[in-house]
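*Asks:* just a sequence and a predicted model for now, questions to come.
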Amino acid sequence: MAHQIIATSRSRTGIPTGRLAVWWVIGSEILIFGGLIASYLLNRFNHGPSWSIEAANTNTFIGACNTFWLLTSSLFVVYAHAASERRDAAKTRMWIWLTIMLGGFFMGFKAYEYTTEIHHGFTLFTSNFWSFYYTATGLHGFHVLCGMVIMAIIAEGDIKKGQNWHRVENIGLYWHFVDIVWIFLFPLMYIAK
Amino acid sequence: MAEVAHAEVGHGDAHDDHHEQSFWSKYVFSTDHKIIGFQYMFTGMAMALIGGYFAYVFRMQLAFPGNSIPFWGTLSPAAYNSLVTNHGTIMIFWVAMPVLIAAMGNFLIPLMIGCDDMVFPRVNRLSYQIFLLSAIVLIISFFVPGGGFGGAWTAYPPLSAKAEYNSTPFGAPLWLIAVTLEIVAFLLGGINFITTTMNARAKGMKMYDIPMIVWMIVIASILFMCSVGPLIAGAVMLLFDQTLGTAFFDAAAGGDPVLWQHLFWFFGHPEVYVVLLPAFGIVGEITCTFARKKLFSYKLILYSTIGLGILSFFVWAHHQFISGVDPRATYLFTTTTLLISIPVAIIMFAYIATLYGGSIRFTTAMLFGLAFTGEFLLGGVTGIWLGSSGVDIYLHDTYFVLAHFHYTFVPIAIIATFAAVYYWFPKMFGRKMNETLGKFHFWGTIIPFNGIFIPLFILGAGGQHRRIYNYQHFPDLAGADMQDMRVFATISLIVMLAFQLVFIANFIISLKKGEKAGKNPWKANTLEWITESPPPHGNFGETMPTVYRGPYEYSVEGREQDYWPQNEKPESEPS
């Protein structure tokens, strides 16, 4: 049953198939977030003043902290990749787990932020700004969570056994993408008042 | 290094895995691309029966309003809305997409580029499983309280967003979830098609040696991937509006219903080309094989297709000329819409030029291929009228529009699919289909098809609006001459549906008793014809093929045979 499939071992472009697929996944994700952000922007331009008043209620400090956690985690995932290139399992796992930890910080701050906002009466239904806010940051947070789970699986399932080293690079690409989405969301939702 | 050594040797160890597999692991949970292709094809065909049945029911209502319909009963207005909505949805998302892209792509891409499977076989299986789930969710949505969603396949809010307007509190969200799942399935499949073609081609197969249909499916997958993202975002927003009570598309609460139209048509128009391109590919292969001629201007067709793909992202607002978009924008979108007819026309002319001077063989597959070219031309030409905003304001939402897109979609989803089935059936199942029954089926499909939609063109130009339950309520549209045309269209539809029984019978009989096809019954060049029919697990046996030339070297001068398989070694090269 589990014989080798020739197709998976070919690489006519010179790019490993897994990485190529991750690039295409990222391409399609860009369009999903792009559609959401473009819709937000169109609305924002149309309802300028009233949305600015709503946007003034987001917590820029927590948003900035979360930007810091994610950007630092991107650095760590690069270290993880560098360690995986050297086939250094201990270091790779350490850097992956540090990345996951920072992702955890991000999610924790996000949870605190959502809770306070909801307590202050800013829910998904308060206004369209808040609908966009929760939908966009929620979808992004879901991507962060998925990335953390996949990284844990790679660290404990693959790197511990010393196999599938290329997956560190692939998840790193995805993680950078998730960061870049946040780089767009942060100014749009938190800074622009 | 081990990988490279293994790569071109093939299944030296193939005998190890020839143990008997159970029915479930062989046909249901298989990761073999051919089996997954069949799964997509048969699911798509089953859904086509449902979509065709729906069309029969609402056409009967329009021809004989208020009468009891055989095999249905009396049709209520709500059920009528649900039927037209789901007819459109099924035919596009659950018939055209799975059969043209997923079934053909899965079955043909690995065979035509000379490898043994997709690069992600398990992702491929997951893709089908999600697709099947989406079909099940859609079918469930017909039976929930309130019935299936009835807000048209375009799902414009506020009708689609509020249960008090559409009165389908469960049908509408289920419909949306089904469509979203289907989209996810095709994103997974599309990534597989693109990466497989990029990375897993046979040794020697350069860019311009790739058969046109593979190019077309890959470009279609890229178009799909690039256009569907905003719709996914829109679907999430609409689902929240439906179920949670947000107001993304609710003008009363500060939302914008036209935003949905933009998100939908930004996907919806490229989607037309997503299903058109594989159909072009199929017809291109068939035209070359049965005209025994080289494809006219391979590179021009390829570049036109890429140009068409890019242009298709800039035409979407031609669906919204009367939705309150800025009149200045209509100039822009009229221009781009008229421009996009140029690459399409180039491809059509290239196919006609391929026929010129060829020794044409009128097999059933070729007849369907030629019919596609002719009938699609009518659909395309009427599209130019509708693309001009001045004409469109008059014709918008009439049966003229409906007849126009059926003149494009039926050639794509029905005629080109039949062409493909008649052409690749021998490769799929090892036997040829019966040609006499096939030709019978061909004429019984093409003549009634025109019988359905030519009257609808006339009715539409006469002012007959779409999505009306009973025209007898409108004095201007209730005249006997208009009603006669409706009856004629309905009877044509019944005849066309009846002739599909010939196809089903032919399919089943040929499966058991058809003439044995052998490896290459049509004497074609592409790689799928060099292996056994049906291809074994692993496709090419011991050694994988090497490619030496393009796919369309027919009737080359100085050769004894009029075809030249892609893998045949040139004589000059030492063996």
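*Replies:* Cool, got the structure.
*Asks:* return the residues in contact with the residue nearest to the spatial centre of chain B.
*Replies:* Using C-alpha atoms, centre = their mean, the residue of chain B that lies closest to the mean C-alpha position is B:Ala96, 3.0 Å off. Residues in contact with B:Ala96 (C-beta atoms under 8 Å, 6 or more residues apart in numbering or on different chains) are B:275, B:409, B:412-413. Where you see a C-beta, it was placed from the backbone N, CA and C, and this is true even at glycine.
*Asks:* now rank the residues you listed by neighbours and give me the top one.
*Replies:* Using other C-beta atoms under 10 Å in any protein chain shown as the neighbour test, these are led by B:Ile412, with 27 neighbours.
*Asks:* could you check the pLDDT of that residue?
*Replies:* pLDDT, B:Ile412: 95.
*Asks:* how about the nearest residue to it once chain neighbours are set aside, what does it touch?
*Replies:* Sequence neighbours aside, B:Ala279 is the residue nearest to B:Ile412 in space, at 4.3 Å (criterion: C-beta to C-beta, 6 or more residues apart in numbering or on different chains). By C-beta under 8 Å, 6+ apart, B:Ala279 lies in contact with B:100, B:372, B:376, B:411-413, B:416-417.
*Asks:* in helices, which of those residues appear?
*Replies:* Residues of the contacts of B:Ala279 located in helices (DSSP state H): B:372, B:376, B:416-417.
*Asks:* pipe those into JSON lines and attach distance to chain A, pLDDT and neighbour count per row.
*Replies:* Output for those, formatted as JSON lines (distance: C-beta to the nearest C-beta, whole Å; pLDDT from 0 to 100; neighbours: other C-beta atoms under 10 Å in any protein chain shown):
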{"residue": "B:Phe372", "distance to chain A": "30", "pLDDT": "97", "neighbour count": "26"}
{"residue": "B:Phe376", "distance to chain A": "28", "pLDDT": "95", "neighbour count": "24"}
{"residue": "B:Ala416", "distance to chain A": "26", "pLDDT": "97", "neighbour count": "31"}
{"residue": "B:Thr417", "distance to chain A": "26", "pLDDT": "96", "neighbour count": "26"}
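*Asks:* now for those, which pair is the farthest apart?
*Replies:* Maximum pairwise distance among the ones in helices among the contacts of B:Ala279 (C-beta to C-beta): 13.1 Å, between B:Phe376 and B:Thr417.
*Asks:* quickly note the distance from the residue of the stretch 451-575 of chain B found nearest chain A to B:Glu528.
*Replies:* Of all residues in the stretch 451-575 of chain B, B:Met544 sits closest to chain A, at 6.3 Å by C-beta to the nearest C-beta. To B:Glu528, B:Met544 is 13 Å away according to C-beta to C-beta, to the nearest Å.
*Asks:* how far does stretch B:405-424 sit from its chain's centre?
*Replies:* 8 Å (C-alpha atoms, centre = their mean, to the nearest Å).
*Asks:* restrict that stretch to CA atoms and write it as CSV.
*Replies:* What follows is stretch B:405-424, C-alpha atoms only, in CSV (Å, rounded to 0.1, in the frame of the first residue of the first chain):
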residue,chain,number,x,y,z
PHE,B,405,-25.6,32.4,-20.3
HIS,B,406,-27.2,29.0,-21.1
TYR,B,407,-25.8,29.3,-24.6
THR,B,408,-22.4,29.6,-22.9
PHE,B,409,-22.9,27.2,-19.9
VAL,B,410,-24.6,24.3,-21.7
PRO,B,411,-21.9,24.1,-24.3
ILE,B,412,-19.3,24.2,-21.5
ALA,B,413,-20.9,22.0,-18.9
ILE,B,414,-22.9,19.6,-21.0
ILE,B,415,-21.6,19.5,-24.6
ALA,B,416,-17.9,19.7,-23.8
THR,B,417,-18.3,17.2,-21.0
PHE,B,418,-20.0,14.7,-23.3
ALA,B,419,-17.2,15.3,-25.8
ALA,B,420,-14.7,14.5,-23.0
VAL,B,421,-16.6,11.4,-21.9
TYR,B,422,-16.9,10.0,-25.4
TYR,B,423,-13.2,10.8,-26.1
TRP,B,424,-11.7,9.5,-22.9
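*Asks:* got the buried residues for the helix or strand containing B:Leu223?
*Replies:* Per DSSP states H and E, B:Leu223 falls inside helix B:212-243. For helix B:212-243, a neighbour-count test (16 or more other C-beta atoms under 10 Å in any protein chain shown) marks B:212-242 as buried.
*Asks:* thinking again about what came up before, what's the pLDDT at the residue nearest to B:Ile412?
*Replies:* Taking B:Ala279 on its own, its pLDDT is 97.
*Asks:* ok, now B:Glu573?
*Replies:* On the pLDDT scale, B:Glu573 gets 59.
*Asks:* ok, back up a step: ok, the ones in helices among the contacts of B:Ala279 vs A:Ile153, which is closest?
*Replies:* The nearest one, if we look at these relative to A:Ile153 and count by C-beta to C-beta, is B:Thr417, at 40.4 Å.
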